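**Q** show me how the following folds:
(4 chains)
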Protein chains: 2
Amino acid sequence: MSQPRLLLVEDDQALAELVEFRFKAEGYAVTRTDDGDEALLLATEQVPDVVILDWMIEGTSGIEVCRRLRRDKQTAHVPIVMLTAREAEDDRVRGLETGADDYVTKPFSPRELVARVNAIMRRIRPALAGEVLAVGDLTLDATAHRVTRRGTTIALGPTEFRLLRHFMEHPGRVFSRNQLLDAVWGNGSDIELRTVDVHIRRLRKGIELPGVPDPVRTVRSAGYSLEAV
Amino acid sequence: MSQPRLLLVEDDQALAELVEFRFKAEGYAVTRTDDGDEALLLATEQVPDVVILDWMIEGTSGIEVCRRLRRDKQTAHVPIVMLTAREAEDDRVRGLETGADDYVTKPFSPRELVARVNAIMRRIRPALAGEVLAVGDLTLDATAHRVTRRGTTIALGPTEFRLLRHFMEHPGRVFSRNQLLDAVWGNGSDIELRTVDVHIRRLRKGIELPGVPDPVRTVRSAGYSLEAV
DNA sequence: ATGAAGGTGTCACGATTGTTTCACAGAGCG
DNA sequence: CGCTCTGTGAAACAATCGTGACACCTTCAT
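**A** The predicted model follows:
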């Protein structure tokens, strides 16, 4: 699920095996084929997160596969890295203009290819780059300002949102009311300590689901913490 | 305003001029500097859409500039294309791992560089690459200046159009009023924050359809975002 | 030029929503 | 059992947002 899916289209078996091995070690789920038409089928069947595509392959040529992937709405936005033996600049430019996102010339080092694909993934799926916090069954997307629990979206007030974010940034850790006031309200706020309790309650009320235990733990005479459920 | 902004950091004057010329011809707004520290300043002052960065420059080294751009939250997501004379694979990989998005080895052809940067722009700001944006039931064609919802064409004022385009380029993401002023009005505009509200309302009014929920989400004390409906 | 039409930026007011405090009930603990 | 600490409802208070009105500015055709 959180493994990025990679579709590798390469007809040099030895090379394909090497690349597949390296990307599996990097945590990718790799699907491999040596045929252009089959690649298109596989891509629509289960849309990959990134495609590595040899320029010269059997069946449909690499550049044609690239064009078709772009034309299908389903796969139009999947990043493509072209792979080729050619040195000619014209081909490189043509590849990029056809819609490839990057271009690597053979011979290349697997390490560089991995680095390039990782660079693309960083750009495409920020969710995998750690922009979304997840603790237990809770999920918090700071840029979208969105919280989910077990898949259902949850509405929180501004303070409850900041409170939860702070807890999720330090899961399991216990914070005193004073620490929470500093972290969530900003230091220098002269607010009644017990006010924290009220917001804790509202946070609890916000994220509660029937039949699911409360992840906010009260630590008597110490403070509160968020536990993974 | 709707021109993509490119920051070019290169100390070879002749080369820099050539590159600047080519990208201006491509419709980019180019800012040029030969100093690493100045580059960082310029980048935070007005966040560019893409950075072309020479590895070896005066002041702070290219790789250090790259690292610092990544560290600053404001510029962390800006794509960086590294430029270098070195052929060594180690350097290329190091560059990519530092956070560069792409890598071009000198000598390179301006045409290839342009193609690579365009490939990146297609990803980052599709509207500027002449693509049609689609979010939920909304459709926006930047070149034709046309917006549709559920097939029906919609008339929007210039500001509302830019506002919607910006939202559609980053669907789901929440923008504060300040961020919207920077992105849609251009930074340096000393406009009342609440004016954004008024244009949000005009945008809502413009795209509303009877019986269809409003895709513009208000996030109290945070800003606004566009949700797919 | 001139007027009409449309777009833009401000403001003020009311409505909505969120925040803080307080008092009391109840839970935990020795 | 008595003490301390926490949960909770309600109410006063505060911040934020939506909206209509309006003055001013462009644009554009006459």
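
**Q** can you list the residues of chain A near DNA strand C?
**A** Within chain A, the residues that sit near DNA strand C (CB under 7 Å from any atom of the strand) are A:157-160, A:185, A:189-192, A:194-195, A:198-199, A:202, A:220. For every residue, glycine as well, the C-beta is placed using N, CA and C.

**Q** what does the helix or strand that contains A:Thr218 rub up against?
**A** Here A:Thr218 sits within strand A:216-219, counting by DSSP states H and E. Outside strand A:216-219, the residues within contact range by CB atoms under 8 Å, 6 or more residues apart in numbering or on different chains are A:167, A:174, A:200, A:203-204, A:207, A:224-227.

**Q** which ones among those residues map onto strands?
**A** Members of the contacts of strand A:216-219 lying in strands (criterion: DSSP state E): A:224-226.

**Q** buried subset of the residues you listed?
**A** Neighbour counting by 16 or more other CB atoms under 10 Å in any protein chain shown classes A:224-226 among the ones in strands among the contacts of strand A:216-219 as buried.

**Q** A:Thr139: how many residues sit nearby?
**A** 19 (other CB atoms under 10 Å in any protein chain shown).

**Q** what does the model give the closest residue to it other than its chain neighbours for pLDDT?
**A** Excluding the flanking residues, the one nearest A:Thr139 by CB to CB, 6 or more residues apart in numbering or on different chains is A:Thr148, at 4.5 Å. For A:Thr148, the pLDDT comes out at 95.

**Q** over to A:Thr148. Which of the three states is it?
**A** A:Thr148 falls in the strand class when you classify it by DSSP: H, G, I helix; E, B strand; the rest coil.

**Q** thinking it is in contact with A:Leu138, fair?
**A** Yes. Using CB atoms under 8 Å, A:Thr148 is in contact with A:Leu138, at 7.4 Å.

**Q** roughly how far apart are A:Leu180 and chain B?
**A** Distance, A:Leu180 to chain B, by CB to the nearest CB, to the nearest Å: 18 Å.

**Q** contacts only, for that residue.
**A** Residues near A:Leu180 by CB under 8 Å, 6+ apart: A:163, A:166, A:196, A:223-224.

**Q** mind running it again at 6 Å?
**A** Residues near A:Leu180 by CB atoms under 6 Å, 6 or more residues apart in numbering or on different chains: A:Val196.

**Q** output the below-cut-off pLDDT ranges for chain A.
**A** Residue ranges of chain A with pLDDT under 70: A:1-2, A:57-60, A:86-92, A:94-96, A:106, A:124-130.

**Q** hmm, back to that, restricting to C-alpha, output the strand holding A:Thr218 in CSV.
**A** Output of strand A:216-219 as CSV, limited to C-alpha atoms (Å, rounded to 0.1, in the frame of the first residue of the first chain):
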residue,chain,number,x,y,z
VAL,A,216,-5.7,10.4,24.0
ARG,A,217,-4.3,9.2,27.3
THR,A,218,-4.6,11.1,30.6
VAL,A,219,-1.5,10.7,32.8
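
**Q** so which of the buried ones among the ones in strands among the contacts of strand A:216-219 comes closest to DNA strand D?
**A** When those are compared for distance to DNA strand D (CB to the nearest atom of the strand), A:Tyr224 wins out at 7.4 Å.

**Q** show me what contacts A:Ile200?
**A** Going by CB under 6 Å, 6+ apart, A:Ile200 touches A:Tyr224.

**Q** the residue in chain A positioned nearest to DNA strand D and A:Val196: what is the separation?
**A** Nearest to DNA strand D in chain A, going by CB to the nearest atom of the strand, is A:Thr218, at a distance of 3.7 Å. The gap separating A:Thr218 from A:Val196 is 11 Å, by CB to CB, to the nearest Å.

**Q** the two: which is more packed in?
**A** A:Val196 (23 against 14).

**Q** how near is the nearest residue to that one once chain neighbours are set aside to A:Arg162?
**A** Nearest residue to A:Val196, sequence neighbours excluded (CB to CB, 6+ apart): A:Arg177, at 4.4 Å. According to CB to CB, A:Arg177 stands 15 Å off from A:Arg162.
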